[in-house]
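Trainee: sequence and predicted structure, then a few things I'm wondering about:
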Amino acid sequence: MDSNYWDEKYSVDEFVYTKLENRFVVEYCTSLPGKRAIDLAGGEGRNSVWLAKQGWQVENIDFSEVALDKYLQFAQAEHVAGHCIATCNDAVTFSPQSTPVDLGVIAYLQINQHDLQLAIRRLVDHIAPGGHLFGVWHSRDNLEGGFGGPRDPEVLPNVATITQALEGTGLEILELKNRDGQIQTREGLKPSVTLVLLAKRPE
């Protein structure tokens, strides 16, 4: 899937992934210190705008111009446009406008494990001493009885693949585990398995 696919997907009036911030982003990032953040592959900006409301200067990096336009309009409507930056770049090769940052967020970037490792390592390169990396994904373990998310194991990380991606980066893993999630289906809420990561660069 390339940027054209995502441009077409986002070319609808409603927000494809809603305007509601991810609950794991809220849980893990609310108390983190810092001023500047990168939301990698942030799409329409639901998490970016939420971070901006918490006082962060946020750069949403995504390769869909359509998604970024919606993000900036959303930020304007929520009166946080002054805290929001949009950068149209690929997650694997991006160059941020603001660096280093105190927080890197990577939420539901479900791509092949080789490219995901490259994206994570590139994001880590821009995290300042004392800064944090937060990640959340549909877990590979969701294939065993979970609902929602991709069904291709190659785009589903697990504890082992994320641990490998962070090897040699200098980041300390504070938490990396599966969490219970929920997916809305026609039959109501169904259980899913969500992988979450919180890591820190030592000061």
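Mentor: Perfect, I can see it now. Numbers count the residues shown, from 1 in each chain.
Trainee: please enumerate the helices of this protein.
Mentor: 3-10, 23-29, 46-53, 65-77, 113-124, 159-166 (DSSP state H).
Trainee: mean neighbour count and distance to Arg201 added to those helices, as TSV?
Mentor: Quick note: C-beta positions are derived from backbone N, CA and C, even for glycine. What follows is these, written out as TSV (neighbours: other C-beta atoms under 10 Å; distance: least, C-beta to C-beta, whole Å):
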stretch	mean neighbour count	distance to Arg201
helix 3-10	14	30
helix 23-29	18	16
helix 46-53	25	18
helix 65-77	19	27
helix 113-124	19	8
helix 159-166	16	11
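Trainee: dump those to TSV, plus mean pLDDT and distance to Asp39.
Mentor: Compiled in TSV, those are given as follows (pLDDT from 0 to 100; distance: least, C-beta to C-beta, whole Å):
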stretch	mean pLDDT	distance to Asp39
helix 3-10	84	15
helix 23-29	97	9
helix 46-53	98	4
helix 65-77	97	9
helix 113-124	98	10
helix 159-166	98	18
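Trainee: and the pLDDT at Gln184?
Mentor: Looking at Gln184, its pLDDT reads 67.
Trainee: hmm, back to that, now render the helices of the chain as CSV, adding distance to Leu103.
Mentor: Below are the helices of the chain laid out as CSV (distance: least, C-beta to C-beta, whole Å):
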stretch, distance to Leu103
helix 3-10, 24
helix 23-29, 7
helix 46-53, 8
helix 65-77, 17
helix 113-124, 10
helix 159-166, 16
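Trainee: and Leu40, which of these is closest to it?
Mentor: helix 113-124 (5.3 Å; C-beta to C-beta).
Trainee: run the chain-centre distance for the closest one.
Mentor: Distance of helix 113-124 from its chain centroid, counting by C-alpha atoms, centre = their mean, to the nearest Å, is 12 Å.
Trainee: elements contacting it?
Mentor: strand 36-40, strand 101-107, strand 127-138, helix 159-166 (3 or more C-beta pairs under 8 Å, 6 or more residues apart in numbering; DSSP states H and E).
Trainee: now render the ones you listed as TSV, adding distance to Asp69.
Mentor: Shown next, in TSV, are these (distance: least, C-beta to C-beta, whole Å):
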stretch	distance to Asp69
strand 36-40	16
strand 101-107	19
strand 127-138	24
helix 159-166	31
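Trainee: point out the most buried one among these.
Mentor: strand 36-40 (a mean of 27; mean count of other C-beta atoms under 10 Å).
Trainee: distance of Ile149 relative to Gly181?
Mentor: To be clear, residue 149 is Gly; Ile isn't right here. Distance, Gly149 to Gly181, by C-beta to C-beta, to the nearest Å: 9 Å.
Trainee: neighbour count: these two, which is higher?
Mentor: Gly181 (24 against 21; other C-beta atoms under 10 Å).
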